[in-house]
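Participant: Structural data only, the sequence is not supplied:
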DNA sequence: TTGTATGCGTTATCAC
DNA sequence: GTGATAACGCATACAA
């Protein structure tokens, strides 16, 4: 690995002169510049960004921590982040937390050691507050993504979970359903809580009493969706006529469960979901609240970049990206 | 951001003493250690890995460059890499090249500047040779993943594309097909070329003459699969009875095209694919060669780690991870 | 227009 | 046991 000194030696100049050529700073005679450029080319010299970063106390790198990179919601969001961050001159380090606060903690430590300039994070279950406090104390710019953090001051970019859930469940009620179940992720994750709240509000406003027997809580995973749906339909009493799946993976698992039980959607049961399902070759048929993950990622990255460069100052922003109700065939009107 | 000196000041010792406490190197009196540890805790001191890396000339970081993170094949592989690399003490920087040599080039430059200890890469279309030469010249350990690189000496971990394609096409022939099309990615990517070769060998060994009209070449993307399938069936003459899709995304697009054209699989046409399809809630029904992406990632990461630590030396290894033929319902016997 | 001295945060080497 | 010094690669401030 040649260093700036090797280049300098070869070009018969001082290292600083090479630096000036590279960064186009200060005056350089054409003749010297050419000599230096040749030396750079000959040695295939690449500047060491570690030393640069050490000197400038910035790495031009941000981190993105998400809970599950196999979920298309997050991959789309990641694209949004990458595109915008890249344009703003930042590299992105992508980290998978698997919804585990421990894994998240490990990554955060590594990232702090690596001196990342800022952090975009969808806090793992229950870990948000402590995380925000820690980053604040260290003055590391941070933007929460997709998930709000209760009781602390932090910028967040997200979808309207409460409103989306409310619309979805209201729609079910309008087409005649009254026994509506929710199968959800943890309430310790803001999206889980808010989707529950929207569900509840829709019921109450239409004079329906929420029933605990119609509520499942597990993880935002296909296996969880499968199990919750299965359990719901095993019971005799209070079987739902419609089910609200609180994210795409839960909906996926739930639909598989219905298929395995030989039930047809929407003839035997209606189902709606929050977030677009990954569709492969079936015609999209699930009524959903569609989110805009790419835009969420893009906006969050832009905000973080602005916080880092000082264009904006940290605040308690709550940037809500629109959602859209897409009515398809998975929920049918009850006579 | 407190530094080791802040800690030293607070604990009334020299910076080097703090370093010794952190790294458990050299002798430290219990009393001093406790004082230092308290100071570290109080300041929430986190060592700066940039300066460490600068000194040690290593970053304990590797990069993984893949062509499309939205493809489940790559996400699974990524998991394998992360798990093994993590256990070996390396962080992973994940980069998306979108099959673009330019994007790849940019990433490589950034990564070299960041002084990554090694690179795992699935070279973007046509870029392999130059990439290998460059890394070799700089002595950056590298392992090619999923794709071979023609004409240069480099370690690679991959699936048996030729053999897998051969088995798949032989199977089609055995159940009575003779008009078998291939819809493929670029032949400048080794997997594209080798799957073509396997296809061709199977035909020839069974006395069937390959026919150019039955070969589509585009990208490894759903849109390409859609278009190639559409084009194949538009023609009058030499319509295939079976189609071999050279990767999961091509198969996906192809099946969508068939659906849109109102054709039924396998009644109207048979289709088989290389690599498991992402299945959401349909019952898996496509006959495929299943790969083991997690294992590919894991093996590649292990090898790279060994190259970096010097346990192994760079060679021309060709590590082939097994594939499996999974027969389902998407191909039917011809009378 | 070019060069010298210095420091970013850390640790190996050698003293004390 | 502990500390002073120097060095990793680069670029700013200041000289020449």
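Facilitator: It's in. Note that the structure is predicted; figures quoted are calculated from it, not measured.

Participant: Around DNA strand D, which positions in the stretch 1-150 of chain A sit nearby?
Facilitator: Neighbours of DNA strand D within the stretch 1-150 of chain A, by CB under 7 Å from any atom of the strand: A:1, A:3-5, A:15-16, A:19, A:22-23, A:25, A:47-48, A:51-52, A:54-56. Quick note: C-beta positions are derived from backbone N, CA and C, even for glycine.

Participant: now the strands for chain A?
Facilitator: Taking DSSP state E to define them, one finds strands in chain A at A:61-66, A:91-96, A:118-121, A:142-145, A:155-159, A:180-184, A:215-217, A:242-245, A:270-274, A:287-290, A:318-321, A:324-326.

Participant: of all those, which lies closest to chain B?
Facilitator: Across the strands of chain A, chain B has its closest neighbour in strand A:91-96 (4.8 Å, CB to the nearest CB).

Participant: Given the closest one, what are its sheet partners and their directions?
Facilitator: Sheet partners assigned to strand A:91-96 using DSSP bridges are listed as strand A:61-66 (parallel).

Participant: Per the annotation, how does chain A divide into domains?
Facilitator: Domain ranges of chain A: A:4-47, A:59-159+A:292-321, A:161-291, per automatic domain parsing.

Participant: Tell me which of those domains lies nearest to DNA strand C.
Facilitator: Set against DNA strand C and scored by CB to the nearest atom of the strand, these come closest in domain A:4-47, at 3.3 Å.

Participant: From one end of that closest one to the other, what's the distance?
Facilitator: Taking CA to CA, to the nearest Å, the first and last residues of domain A:4-47 lie 7 Å apart.

Participant: wait, does that domain contact chain B?
Facilitator: Yes - judged by CB under 8 Å from any CB of the partner chain, domain A:4-47 comes into contact with chain B at A:44, A:46-47.

Participant: one step back: could you tell me which of the residues of the stretch 1-150 of chain A next to DNA strand D count as buried?
Facilitator: By neighbour count, with 16 or more other CB atoms under 10 Å in any protein chain shown, these hold A:4, A:19, A:47-48, A:51-52, A:54 as buried.

Participant: Now distance to DNA strand C too, for the domains of chain A, in TSV please.
Facilitator: As requested, these are arranged in TSV below (distance: least, CB to the nearest atom of the strand, whole Å):
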stretch	distance to DNA strand C
domain A:4-47	3
domain A:59-159+A:292-321	8
domain A:161-291	34
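
Participant: okay, those in a markdown table with distance to residue B:149 next?
Facilitator: Shown next, in a markdown table, are the domains of chain A (distance: least, CB to CB, whole Å):
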| stretch | distance to residue B:149 |
| --- | --- |
| domain A:4-47 | 19 |
| domain A:59-159+A:292-321 | 25 |
| domain A:161-291 | 31 |
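
Participant: can I get these in a markdown table with distance to residue B:70 and mean pLDDT?
Facilitator: Formatted as a markdown table, those follow (distance: least, CB to CB, whole Å; pLDDT from 0 to 100):
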| stretch | distance to residue B:70 | mean pLDDT |
| --- | --- | --- |
| domain A:4-47 | 30 | 93 |
| domain A:59-159+A:292-321 | 5 | 96 |
| domain A:161-291 | 10 | 95 |
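
Participant: Minimum distance to DNA strand C, which residue of the stretch 51-200 of chain A gives it?
Facilitator: When distances are taken as CB to the nearest atom of the strand, the stretch 51-200 of chain A reaches nearest to DNA strand C at residue A:55, 3.7 Å away.

Participant: where do the helices sit along chain A?
Facilitator: Using DSSP state H, the helices of chain A run over A:4-11, A:15-23, A:30-43, A:49-56, A:72-87, A:101-113, A:128-138, A:161-174, A:190-205, A:222-234, A:248-260, A:293-309.

Participant: And the first one, what's buried?
Facilitator: By neighbour count with 16+ other CB under 10 Å, helix A:4-11 contains the buried residues A:4, A:6-11.

Participant: quick one: contacts for the nearest residue to residue A:14 once chain neighbours are set aside?
Facilitator: In space, and not counting its chain neighbours, residue A:14 is closest to residue A:8: 5.9 Å by CB to CB, 6 or more residues apart in numbering or on different chains. Residues near residue A:8 by CB atoms under 8 Å, 6 or more residues apart in numbering or on different chains: A:14-15, A:17-18, A:39.
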